[in-house]
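Colleague: need coordinates for the following:
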Amino acid sequence: MARIKPQALLIQSKKKKGPTRISVTTILFCGLIVLLILLSLIATYRNYSRRSRVQTGTGLSSFEHVDEVLDSNKYDLPGYAVLNTSKGCITIELFKDGSPETVDRFLDLCQKGHFKGMPFQHVIKNYVILGGHSQGLVGIEDWTSKGKLRSRLSTSPKHEAFMLGTTKVKEDSKAFQLFITTAPIPDLNDKLYVFGRVIKGEDVVQEIEEVDTDEHYRPKSPVGIIDVMLQQEI
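Modeller: Alright, predicted model coming up:
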């Protein structure tokens, strides 16, 4: 076996301890990996931002959907009421858009049976019919005196005959009276919340208007509402 000279061993040892050279291929490969990582981070950020915008938009759409549901619920409410009176039936179209709060109160009281057996307490010919459970008509002299001036004032559709309204009073079920006009009343909005109009049964209204009354405009013979039936359509 040949012996290795000490000088040769020293040369081989120096070669092993020398610095390792990194090839160009290795540098390019590492750079490519770093680039891919950066691109992945950018893509992740963009995807997160897009999802955030979508969620925000979805939230707004949800609020819009709630508004649509509320509107649809409003239109699901009964749009008509049939007053079954001792003289016949009177069909009322309710102003759900024009007087929503008053219509809601009216519908609620109908479901509670508030108008069942309600008498027409006062009948002022060529002016108005009043139905209610409370005693007396506050300011009835004012109503009759204002009626003498109605021809001097301009009118609007809500002031015409056969309109349904209630007094402008506090949230009291006993104070919720029904007024059916039998002639145009120009200052009607100063006195009442108008929330409907008669579309069928005008002859019944006129028949009630013709009943005999005393000096206080109270019918001498009982006349009133037997019950109320709510309808979605007619």
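Colleague: so where is this structure shaky, pLDDT-wise?
Modeller: Within the chain, the ranges that satisfy pLDDT under 70 run 1-22, 49-75, 134-159, 169-174.
Colleague: can you map out the strands along it?
Modeller: Secondary structure of the chain (DSSP state E): strands located at 80-85, 88-94, 120-124, 128-131, 163-167, 178-181, 192-200, 225-231.
Colleague: so the first one versus strand 163-167, what angle?
Modeller: Going back to what we said before, that points to strand 80-85. Between strand 80-85 and strand 163-167, the angle comes out at 80 degrees (axes from the mean of the first three to the mean of the last three Cα atoms, to 10 degrees).
Colleague: next one: the third one
Modeller: Counting by the same axes, to 10 degrees, strand 120-124 lies at 120 degrees to strand 163-167.
Colleague: same question for the second one.
Modeller: Our comparison of strand 88-94 with strand 163-167, counting by the same axes, to 10 degrees, yields an angle of 80 degrees.
Colleague: what's in contact with strand 88-94?
Modeller: The contact list for strand 88-94, computed with Cβ atoms under 8 Å, 6 or more residues apart in numbering, reads 78-83, 103, 106-107, 164, 180, 195-201, 203-205, 207, 234. C-betas here are computed from N, CA, C, even on glycine.
Colleague: at 6 Å what do you get?
Modeller: 79-83, 103, 164, 196-201, 204 (Cβ atoms under 6 Å, 6 or more residues apart in numbering).
Colleague: distance of T102 from V123?
Modeller: The gap separating T102 from V123 is 23 Å, by Cβ to Cβ, to the nearest Å.
Colleague: of the contacts of strand 88-94, buried ones?
Modeller: By neighbour count, with 16 or more other Cβ atoms under 10 Å, the contacts of strand 88-94 hold 79-83, 103, 164, 196-198, 201, 204 as buried.
Colleague: beta partners of V128?
Modeller: For V128, the beta-bridge partners are I124, T181 (DSSP bridges).
Colleague: what is the burial count for it?
Modeller: By other Cβ atoms under 10 Å, 27 other residues sit near V128.
Colleague: correct me, but it touches A183?
Modeller: No: using Cβ atoms under 6 Å, V128 is not in contact with A183; the gap is 8.0 Å.
Colleague: quick check: end-to-end length of stretch 181-200?
Modeller: Stretch 181-200 has its terminal residues 14 Å apart, counting by Cα to Cα, to the nearest Å.
Colleague: for that stretch, which positions count as buried?
Modeller: 181-186, 188, 191-198.
Colleague: ok, residues contacting stretch 225-233?
Modeller: Applying Cβ under 6 Å, 6+ apart, the external contacts of stretch 225-233 come out as 78, 80-85, 110, 115-116, 118, 131.
Colleague: how about the contacts made by K200?
Modeller: K200 makes contact with T91, according to Cβ under 6 Å, 6+ apart.
Colleague: check K220 too.
Modeller: By Cβ under 6 Å, 6+ apart, the residues touching K220 are D212.
Colleague: over to T181?
Modeller: Neighbour list for T181: 128, 161, 163 [criterion: Cβ under 6 Å, 6+ apart].
Colleague: is the last one bridged to anything, and to what?
Modeller: The partner list for M163 in beta bridges (DSSP bridges) reads R197.
Colleague: what's the neighbour count on H216?
Modeller: Summarising burial for H216: neighbours were counted as other Cβ under 10 Å, giving 10.
Colleague: wait, I meant R46
Modeller: Residues near R46, counting by other Cβ under 10 Å, number 10.
Colleague: for L109, same thing?
Modeller: By other Cβ under 10 Å, neighbour count at L109 equals 16.
Colleague: again, but for N126
Modeller: When neighbours are defined as other Cβ under 10 Å, N126 has 11 of them.
Colleague: same question, Q111
Modeller: Using other Cβ under 10 Å, Q111 is surrounded by 11 other residues.
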